[in-house]
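Here you go, sequence then predicted model.
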Amino acid sequence: MSWTSREIHLAERPTGYPDDKTWASVTAEVPAPAAGEFVVEVDHISLDPAMRGWLNDVRSYIPPVKLGAPMRALCTATVIASAHPEFAVGDAVVGTFGVRERAVSDGRGVTKIDLDAASAPTWLGALGMPGMTAYFGLTDIGRAQPGDTVVVSAAAGAVGSVVAQLAKAMGCRVIGIAGGPDKVAWLKEIGVDEAIDYKAENVLKRLRQIAPDGIDVYFDNVGGQILDAALANLRRGARVVICGAISTYNDPTLAEGPRRYMSLLVFRASMTGFVVFDYEDRYPEAVEAIAGMIGDGRMVARETVLEGGVDAFPDALLGLYRGVNTGKLVLKV
């Protein structure tokens, strides 16, 4: 038996924002699984800021997507045929299957998930890569402690919202930065102590007002001017966690670097980047902690789920950079 699969392939590397020339929509054949393989039917596709970086043919922590290949994406899926001893028909799984309807896998990098414990979109959000990123970035890189003042940019996003709630549960004072009154209101709902609307407020001045003694941990997801504002408000011994820089990902030229980096010297602070894949052997630790918080009500896992299937992917990806999501952005297949 074989199947067909609608897929989105990388046709051309973009300059600036991806457009219609970036993508090709194709129909591919999916063969029956060979020994040690299984076939999945994708049900949800993760939309992540890092996807833009994967389109560039530059050296990075992961190879770029190849021209003519399916767009890389983490997905939840259901096994529909199997010749693999560890995966049975009907199993719910998560893996990097790509932007397509069906795929063949040999099981590497694929994990079974429990849909009774959480919905599929949550396994791409708080219990998925964003949650892992938030957990290890805050605990291992940020070394957050009770009583710390923790500032999070893109605080209403997939990673930022988990960081904010983890920090609150640890006994930190949390300041979230987000765009728009609705996102600011939601941050207050989930327990953030102070929320700054960067679209309507001067972030630099507002941070000085509400954190006059400085910031202990700044968890950066956006880069640019907001990173500079945080650097200007550090406390001695502060830790700046470089998770991402979504404000610069689509710049056609190299973005200007931080102007206030000398604050790291003045305040004896550190600024450290990290990649969540380095913590793969500890993912169960983070899943257990976050699942426990969701279960007892200390964390709200929120997803924005878009409809339209794989052909809606190009526009859905652009929506991520427009900030259409609160929490994790997911495309339903």
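Cool, got the structure.

beta partners for Val305?
Beta-bridge pairing for Val305 (DSSP bridges): Val330.

Could you pull up the mean pLDDT of the helix or strand hosting Ser25?
Taking DSSP states H and E as the criterion, Ser25 maps to strand 23-30. Average pLDDT, strand 23-30: 97.

Tell me the helices and strands packed up against that strand.
Applying 3 or more Cβ pairs under 8 Å, 6 or more residues apart in numbering; DSSP states H and E, one finds that strand 23-30 makes contact with strand 3-10, strand 102-105. C-betas here are computed from N, CA, C, even on glycine.

Which one, of the ones you listed, ends up nearest to Pro314?
Proximity to Pro314 (Cβ to Cβ) singles out strand 3-10 among the helices and strands packed on strand 23-30, at 7.0 Å.

all strands in the stretch 101-250 of the chain, in order from the N-terminus.
For the stretch 101-250 of the chain, the strands defined by DSSP state E, counting those that start in this stretch cover 102-105, 111-112, 149-152, 173-178, 194-197, 215-220, 234-242.

okay, these, which one's buried deepest?
Looking across these with neighbours counted as mean count of other Cβ atoms under 10 Å, the highest average goes to strand 149-152: a mean of 30.

Am I right that Tyr279 is in contact with Met132?
Yes: contact between Tyr279 and Met132 holds when scored by Cβ atoms under 8 Å: they sit 6.6 Å apart.

any shared contact partners between those two?
Common contacts of Tyr279 and Met132 (Cβ atoms under 8 Å, 6 or more residues apart in numbering): Ala286.

Turn the helices and strands packed on strand 23-30 into JSON lines, columns for mean pLDDT and distance to Leu265.
Output for the helices and strands packed on strand 23-30, formatted as JSON lines (pLDDT from 0 to 100; distance: least, Cβ to Cβ, whole Å):
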{"stretch": "strand 3-10", "mean pLDDT": "98", "distance to Leu265": "42"}
{"stretch": "strand 102-105", "mean pLDDT": "98", "distance to Leu265": "48"}
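
How many residues are close by Ser60?
12 (other Cβ atoms under 10 Å).

cool, Tyr261 as well?
14.

any idea how far the residue nearest to it when sequence neighbours are not counted lies from Leu10?
Among residues not flanking Tyr261 along the chain, Leu231 sits closest, at 6.6 Å (Cβ to Cβ, 6 or more residues apart in numbering). As judged by Cβ to Cβ, to the nearest Å, Leu231 and Leu10 stand 35 Å apart.

who has more neighbours, those two?
Leu231 (25 against 22).

Report pLDDT for the closest residue to Arg236 other than its chain neighbours.
Leaving aside its sequence neighbours, Arg236 sits nearest to Phe267 (Cβ to Cβ, 6+ apart; 4.9 Å). Looking at Phe267, its pLDDT stands at 97.

what's the distance between Phe267 and Ala232?
10 Å.

Ok, Ala167 next?
Noted for Ala167: a distance of 21 Å to Ala232, by Cβ to Cβ.

residue contacts, the residue nearest to Tyr261?
Counted by Cβ under 8 Å, 6+ apart, Leu231 has contacts 218, 240, 258, 260-261, 263-264.

and the residues you listed, which of them are in strands?
Assigned to strands by DSSP state E, the following of the contacts of Leu231 qualify: 218, 240.

Most widely separated two among the contacts of Leu231?
Tyr218 and Tyr261 (12.8 Å).

quick revisit: any idea which of the strands of the stretch 101-250 of the chain gets closest to Pro33?
strand 102-105 (6.1 Å).

Just the CA coordinates for the closest one, please, in PDB.
What follows is strand 102-105, C-alpha atoms only, in PDB (Å, rounded to 0.1, in the frame of the first residue of the first chain):
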ATOM      1  CA  ARG A 102       2.400  12.000   5.600                       C
ATOM      2  CA  ALA A 103       5.900  10.800   6.100                       C
ATOM      3  CA  VAL A 104       8.100   7.700   6.500                       C
ATOM      4  CA  SER A 105      10.300   7.400   9.600                       C
END
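
hmm, back to that, check the contacts of Leu231 for the minimum pLDDT and say which it is.
Pro258 (91).

residues contacting it?
Counted by Cβ under 8 Å, 6+ apart, Pro258 has contacts 223, 227-228, 231.

And it, how far from Ile294?
35 Å.

residue contacts, His233?
Small correction: residue 233 is Asn, not His. 151, 204, 207-208, 211, 214-215.

now, which of those residues sits nearest Gly176?
Using Cβ to Cβ, the contacts of Asn233 come closest to Gly176 at Val151, 7.8 Å.

who does the closest one bridge with?
On the basis of DSSP bridges, Val151 is bridged to Ile175, Tyr218.

Give the full set of residues in contact with it.
Val151 neighbours (Cβ under 8 Å, 6+ apart): 174-177, 207, 211, 215, 217-219, 230, 233.

Just send the residues you listed back as JSON lines, with distance to Asp315 too.
JSON lines is the format used below for the contacts of Val151 (distance: Cβ to Cβ, whole Å):
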{"residue": "Val174", "distance to Asp315": "33"}
{"residue": "Ile175", "distance to Asp315": "33"}
{"residue": "Gly176", "distance to Asp315": "28"}
{"residue": "Ile177", "distance to Asp315": "26"}
{"residue": "Leu207", "distance to Asp315": "34"}
{"residue": "Ala211", "distance to Asp315": "38"}
{"residue": "Ile215", "distance to Asp315": "36"}
{"residue": "Val217", "distance to Asp315": "35"}
{"residue": "Tyr218", "distance to Asp315": "32"}
{"residue": "Phe219", "distance to Asp315": "29"}
{"residue": "Ala230", "distance to Asp315": "32"}
{"residue": "Asn233", "distance to Asp315": "37"}
